[in-house]
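> just coords:
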C-alpha cells in the first residue's frame with residue numbers, strides 16, 4: 001500500500017514521498033526497508049538515526065530523519081495501531097450455520113449469523129444480526145447476544161446472561177458461572193447458596209482467553225461499555241466494572257467489588273471484595289487492595305498505599321539488611337557508652 005493511501009485512510013499529514021510502497025509495520029528498532037514504524041516513547045528516540053524503516057509515524061514533522069518519509073499524528077501509537085488493521089485485518093471464517101451445530105428450535109437468530117461445528121445453542125436464546133460463534137461453544141438457555149459480537153472457540157455463556165453489541169470473547173471465556181457462595185451449617189459443612197442472578201456484558205467489551213465472570217447471587221454482575229479484560233481474569237459474583245476500564249492479566253476481584261470508569265488494574269492486582277475502587281484509579285502490578293480507594297489515585301503494594309510512598313519504601317527495603325546491621329552496631333556502641341558512664345559514676349569506697 002502506498003504511503004499516501006495510508007495517510008488518507010488514517011486522516012493524518014504526510015511528509016515526503018506519497019508513492020512510497022509500504023509492505024508491513026514493525027517497531028522502530030527492528031524495522032526494515034518497506035516497513036512503517038512509529039515514535040511515541042522518548043526512550044526509543046535513539047533509534048531514529050539508524051532505523052531502516054521506509055517511513056515513521058511521529059508527533060512532530062521535525063522528527064522525520066533526513067531522507068525519510070513520515071506521517072504526522074498527535075497520537076503516533078494510536079495511529080500505528082489503526083494502521084495495523086490495514087495490513088492485518090481479522091481472518092475470514094466460513095459464513096453460515098455449520099451442519100454439525102446444534103440449535104434449539106426455540107432459538108431466535110438474526111440475519112447473517114455464523115455458528116461453527118459442535119456449538120450448542122440452547123432454548124429461547126436470542127442472537128442478533130451478524131454474530132459469529134465459532135466451534136465448540138455452549139450457549140445456555142435464555143441468553144441474548146447483541147449484533148456484531150464474536151465468540152471464539154470453546155466459550156461458554158450460561159443461562160440468561162446478556163451480551164451487548166460488538167462484544168468479543170476470546171477462547172475459553174466463561175460467562176455466568178456460579179458465584180462462590182456458601183453458608184456454614186451447624187455441623188460445619190458448607191451449604192450452597194443458589195446463584196440466581198445473571199451477568200450483563202455491555203457493548204464493545206472484549207474479554208481475554210480463559211477469563212471467568214461469575215453470575216450474581218441476586219441481581220447482576222455488570223461489565224461496563226468499552227471495558228477490556230485480559231487473559232485469566234476472575235470477576236466474583238455481584239461485582240460491577242465501569243466503562244472503558246482495563247483489567248490486566250490475572251486480576252482477581254472478590255465478590256461485590258465495585259470498580260469505576262477508566263480504571264487500570266495492572267497484572268495480578270487483587271481486590272478483597274465488598275469495596276469500591278473510584279474512577280481513574282491506577283493500581284500497579286501485584287497491588288493488593290483490602291479497602292476502598294478514592295478516585296484518581298495511583299496505588300501500589302500490599303496493603304495498597306500511594307504509589308510514590310511505595311516507591312520510596314521499595315528503595316528502603318533493599319537497604320534493610322545494611323540498616324539493620326548499622327542499628328545493631330549503634331546499639332552495641334550505645335550499650336558500651338552506658339556501661340562506661342555507669343562505671344565512671346559509681347561511688348568510690350572510703351578508706
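Looks like it came in fine. Computed from a predicted structure; not experimentally measured.
> which stretches of the stretch 201-350 of the chain have low pLDDT?
345-350 (pLDDT under 70).
> the helices in it, which residues?
307-317, 320-345 (DSSP state H, counting those that start in this stretch).
> Turn the ones you listed into JSON lines, including mean neighbour count.
C-beta coordinates here come from the backbone N, C-alpha and C atoms, glycine included. Converted to JSON lines, these look like this (neighbours: other Cβ atoms under 10 Å):
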{"stretch": "helix 307-317", "mean neighbour count": "12"}
{"stretch": "helix 320-345", "mean neighbour count": "10"}
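> As TSV, the ones you listed with distance to residue 263 would be great.
Output for those, formatted as TSV (distance: least, Cβ to Cβ, whole Å):
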stretch	distance to residue 263
helix 307-317	14
helix 320-345	32
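> so which of these comes closest to residue 288?
helix 307-317 (11.5 Å; Cβ to Cβ).
> Tell me how far that closest one lies from the chain's centre.
25 Å (Cα atoms, centre = their mean, to the nearest Å).
> Remind me what that helix packs against, helices and strands.
Here helix 307-317 touches strand 298-300, going by 3 or more Cβ pairs under 8 Å, 6 or more residues apart in numbering; DSSP states H and E.
> Pull up the pairing partners for the strand it packs on, direction included.
According to DSSP bridges, strand 298-300 forms sheet pairs with strand 282-283 (parallel), strand 305-306 (antiparallel).
> which of those strands sits most buried?
Mean neighbours per residue, mean count of other Cβ atoms under 10 Å, is largest over the strands paired with strand 298-300 for strand 282-283, with a mean of 22.
> ok, back up a step: can I get the strands paired with strand 298-300 in JSON lines including distance to residue 234?
Shown next, in JSON lines, are those (distance: least, Cβ to Cβ, whole Å):
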{"stretch": "strand 282-283", "distance to residue 234": "16"}
{"stretch": "strand 305-306", "distance to residue 234": "24"}
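> If I look at the closest residue to residue 108 other than its chain neighbours, what pLDDT would I see?
Counting by Cβ to Cβ, 6 or more residues apart in numbering, residue 126 is the residue found nearest to residue 108 once chain neighbours are left out, at 4.7 Å. On the pLDDT scale, residue 126 is placed at 98.
> how about residue 251, phi and psi?
Here is the backbone geometry of residue 251 (degrees, to the nearest 10): phi -70, psi 140.
> Do I have it right that it meets residue 268?
Yes - between residue 251 and residue 268 there is a contact at 7.0 Å, judged by Cβ atoms under 8 Å.
> I appreciate the help and will end here.
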